[in-house]
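Peer 1: Mind looking at a prediction? Sequence and model below.
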Amino acid sequence: MAPEARTNIFLKNSATALCAGVVVLASFSLGAEAARRHSRSHYHHVPEVAAIPPRALPYPQLPLPFEIPGAQYLPLAWADVKGWSDDDHLAAYKTFRASCRSINAQTGAGEQKALGGSLSEPCRAAKSLEPADDAQARTFFEENFSPLRISRLGEPDGFVTGYYEPVLEGSRTQTDVYNVPVYRRPSNLFVRGYNQASVSLPNKGSVYRKIGRRKLVPYYDRGEIEDGKIAGRGLEIAWLKDPTDLLFAQIQGSARIKFDDGGTIRLNYDSYNGYPYTAVGRVLIERGIIPKEEMSMQKIREWMAQNPDGAKELRRQNRAYIFFREVNLSDKDEAVGGQGIPLTAGRSIAVDKSLHVYGTPFFIEGELPIESDRARTPFHRLMIAQDTGSAIIGPARADLYFGAGADAGRVSGRLRHPMHFVMLVPKSLDPGVRAAKLPVPDPRPSEKIAKLFPQTGPKDPAKDPAKDPAKDPAKGETVAIAGPVPLPAPRPVIEPVREPRRHMKSRSHQQ
């Protein structure tokens, strides 16, 4: 066959094969596209995969014995509570029983806090108990509670300040001498989630001024109120001589006002204007006016009396403003705390209500300047949580109530000290008893691993075996210790090879 004929036949066969291949590829592509369309039309979402069953834990999931956010605690024995046997437990018992009257009257579910409603059990026991002496009262606390050392996470101690009920001179009407108004709560003050007619609105959260039926704006701050934003609306309960007296009455949260005619009224916290509390003492410390170690309420008063213009500006640094309400208490009764019962001087404390439950006993121990500014009086006293305050924040933070009058004010005004806190936890929540029910994990198989994988590294005969970390001095056995892991070799530095540059010959341009 001629070469030209063979070439024609080869080309004809190649063309036929190529056409067949194109037909096959085309049919494959059309089939794949049809399959994709079919899949999209029948599966609009990813098919559900069967959920993996939860992994079975080796130990049962038991609730935590006791938990307070941001706190650390240590169960103690009563013998380890320093100063416990030296306290007047009968006085503490009477204060605790006063709280129990409020606790026993509660209905419904307990509070969502660490103690919850557990205080109802010791309160039921106290309902029928009338201890005759200190020993019986002490036995009551030891049989119904367990001591728990508590502090803020990472800190060894708690922190205490003091407060009291001021007794001030005032007038029922405005005069040239008495011209500082004490306001009751305005009717246009609104707290979301609360009825405007409620008594003692919370001292935390947002507070609004209601304009019309729907519009809400932030309420006036201290400076605006002192400038007369709510004056002349019939909100004045009484009139005082000095704006500093009003400031400290608002800081304490209560006051007694004595009038020239011999009458007395009692004022309690009712609401605030929604701004965070700013300690004026801290402002003076930051400005270098009063050293931190000398700070006291008396020092603040003296500086304000000597600097009237500076005192006005200092007060306005604390934008928070407290409104009061009159309460029906005799002069023999103490101020009413957040629990709704009269406080007990020297036994009642204010705590962080977001963490603690009213009625909780706290044993507070340390040294305080009770007798004088420089005194270090031993203080070991069982006190009952019956009040709260906007500046009292933390698991081991308390404001100690010292009563009413100038003497109580002098003592409480110089307290800013770290103290040991021991919280009394009802036996039903005893962390030690409940933690004992938690299963113990299996022992670590270190001895078995040491026998299977003994240490094979070089030994130093001069090394003291007792100090050798590979030896267990208690059992004289060798413990497997991993040798040092070699570090990877550093990456070599590769420098790029530079190619020789080509020198272009210049061409001369023809003229």
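Peer 2: Perfect, thanks for sending it.
Peer 1: And the helices in the protein?
Peer 2: 3-42, 89-104, 120-127, 134-144, 222-226, 243-252, 280-286, 297-306, 308-317, 406-413, 431-435, 446-452 (DSSP state H).
Peer 1: least reliable of those helices going by mean pLDDT?
Peer 2: For those, mean pLDDT drops lowest on helix 3-42, to a mean of 42.
Peer 1: Could you pull out the strands in the stretch 151-300 of the chain for me?
Peer 2: Counting by DSSP state E, counting those that start in this stretch, the segments of the stretch 151-300 of the chain that form strands are 158-165, 167-171, 180-183, 189-190, 208-211, 215-218, 236-240, 254-258, 264-272.
Peer 1: Show me what the first one is packed against.
Peer 2: Packing partners of strand 158-165 (3 or more Cβ pairs under 8 Å, 6 or more residues apart in numbering; DSSP states H and E): strand 145-152, helix 243-252, strand 254-258, strand 361-368, strand 397-404, helix 406-413, strand 416-426. All C-beta atoms are positioned from the backbone trio N, CA, C, and that covers glycine.
Peer 1: For the residue nearest to I230 when sequence neighbours are not counted, give me its contacts.
Peer 2: Distances taken as Cβ to Cβ, 6 or more residues apart in numbering place P186 nearest to I230, at 5.6 Å, with adjacent residues excluded. P186 makes contact with 230, 233, 235, 323, according to Cβ atoms under 8 Å, 6 or more residues apart in numbering.
Peer 1: what's near enough to touch the third one?
Peer 2: The neighbourhood of L235, defined by Cβ under 8 Å, 6+ apart, consists of 181, 183-186.
Peer 1: Then the first one?
Peer 2: By Cβ under 8 Å, 6+ apart, the contact set of I230 is 183, 186, 220.
Peer 1: quick one: contacts for the last one?
Peer 2: By that I understand Y220. 209, 229-230, 273, 321.
Peer 1: Okay, it and E169: tell me how far apart.
Peer 2: Distance of Y220 to E169, computed by Cβ to Cβ, to the nearest Å: 27 Å.
Peer 1: try the second one
Peer 2: Here P186 is placed at a distance of 25 Å from E169 (Cβ to Cβ).
Peer 1: Next: A350.
Peer 2: Distance from A350 to E169, by Cβ to Cβ: 26 Å.
Peer 1: Looking at the two, which is more packed in?
Peer 2: A350 (23 against 14; other Cβ atoms under 10 Å).
Peer 1: residues contacting the more buried one?
Peer 2: 163, 337-338, 385-389, 392, 398-399, 401.
Peer 1: How about V182?
Peer 2: By Cβ under 8 Å, 6+ apart, the contact set of V182 is 170, 236-240, 246, 249, 257, 267, 324.
Peer 1: quick one on the thing from earlier: could you dump the strands of the stretch 151-300 of the chain to a markdown table with distance to S99 and mean pLDDT?
Peer 2: As requested, those are exported to a markdown table (distance: least, Cβ to Cβ, whole Å; pLDDT from 0 to 100):
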| stretch | distance to S99 | mean pLDDT |
| --- | --- | --- |
| strand 158-165 | 18 | 94 |
| strand 167-171 | 25 | 95 |
| strand 180-183 | 29 | 97 |
| strand 189-190 | 30 | 90 |
| strand 208-211 | 33 | 89 |
| strand 215-218 | 36 | 92 |
| strand 236-240 | 29 | 96 |
| strand 254-258 | 18 | 93 |
| strand 264-272 | 18 | 91 |
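Peer 1: for those strands, which one ends up most surrounded?
Peer 2: Mean neighbour counts were taken over the strands of the stretch 151-300 of the chain using mean count of other Cβ atoms under 10 Å, and the top value, a mean of 24, falls to strand 158-165.
Peer 1: and it, which strands flank it?
Peer 2: strand 397-404 (parallel), strand 416-426 (antiparallel) (DSSP bridges).
Peer 1: which one of the ones you listed lies closest to I449?
Peer 2: strand 416-426 (41.1 Å; Cβ to Cβ).
Peer 1: CA atoms only: put that closest one into PDB for me.
Peer 2: Output of strand 416-426 as PDB, limited to C-alpha atoms (Å, rounded to 0.1, in the frame of the first residue of the first chain):
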ATOM      1  CA  ARG A 416     -10.800  50.700 106.800                       C
ATOM      2  CA  HIS A 417      -9.000  47.500 107.800                       C
ATOM      3  CA  PRO A 418      -8.300  44.000 106.600                       C
ATOM      4  CA  MET A 419      -9.900  41.300 108.900                       C
ATOM      5  CA  HIS A 420     -10.400  37.500 109.000                       C
ATOM      6  CA  PHE A 421     -13.800  36.400 107.900                       C
ATOM      7  CA  VAL A 422     -15.300  33.100 109.100                       C
ATOM      8  CA  MET A 423     -18.800  32.400 107.600                       C
ATOM      9  CA  LEU A 424     -21.100  30.100 109.600                       C
ATOM     10  CA  VAL A 425     -22.700  27.700 107.100                       C
ATOM     11  CA  PRO A 426     -25.700  25.600 108.200                       C
END
